[in-house]
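[1] Turn this into a structure:
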Amino acid sequence: MSASLSASEITRLQSALRRLLGSPELTVNPAPRAGMSVELAVKGEVIGTIHRDDEDGDVSYAVNMVVLEEDLPRA
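    Numbering: from 1, shown residues only. Just a heads-up that it's a prediction; the model follows:
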């Protein structure tokens with residue numbers, strides 16, 4: 001299912017996500033090691049991962065974002 005992303009894909013995906021999410025400080029970072037997921041970060045803090053799916057010739061990207069309860073504002 002998941003394949004590694006090329007440098008060109010990372011650049012294009014970063015541009016698209018910055019535009020879609022309205023965050024110029026968002027970065028898409030290459031996988032830290034072979035076989036790992038590409039990382040999604042804001043201001044250098046990793047907030048999730050991005051997986052590439054090229055099943056049946058249709059390419060899509062899935063973003064998995066993690067928000068820790070300790071990062072939420074108090075109720």
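[2] Residue 5 is in what secondary structure piece?
    Per DSSP states H and E: residue 5 is located in neither a helix nor a strand.
[3] again, but for residue 10
    Element membership for residue 10, per DSSP H and E: helix 7-21.
[4] where do the strands sit along this structure?
    2-3, 26-29, 38-42, 45-53, 60-65 (DSSP state E).
[5] Redo those strands as a markdown table? Include distance to residue 20.
    Placement of C-beta: from N, CA and C, glycine included. Shown next, in a markdown table, are the strands of the chain (distance: least, C-beta to C-beta, whole Å):
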| stretch | distance to residue 20 |
| --- | --- |
| strand 2-3 | 21 |
| strand 26-29 | 10 |
| strand 38-42 | 12 |
| strand 45-53 | 13 |
| strand 60-65 | 10 |
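[6] Go through those strands and name the closest to residue 9.
    In terms of C-beta to C-beta, the element of those nearest to residue 9 is strand 45-53, at 7.3 Å.
[7] any idea how far residue 38 is from residue 10?
    From residue 10 across to residue 38, the span is 6 Å (C-beta to C-beta, to the nearest Å).
[8] which residues are common contacts for the two?
    28-30 (C-beta atoms under 8 Å, 6 or more residues apart in numbering).
[9] out of those residues, who's nearest residue 17?
    Nearest member of those to residue 17, counting by C-beta to C-beta, is residue 28, at 6.7 Å.
[10] so where's the chain shaky on pLDDT?
    Along the chain, the parts satisfying pLDDT under 70 run over 1-3.
[11] one step back: and residue 10 and residue 38? Which one has more around it.
    residue 38 (23 against 18; other C-beta atoms under 10 Å).
[12] now that one: how far from residue 74?
    Per C-beta to C-beta, residue 38 is found 33 Å from residue 74.
[13] For residue 60, give me its contacts.
    By C-beta under 8 Å, 6+ apart, the neighbours of residue 60 are 52-53.
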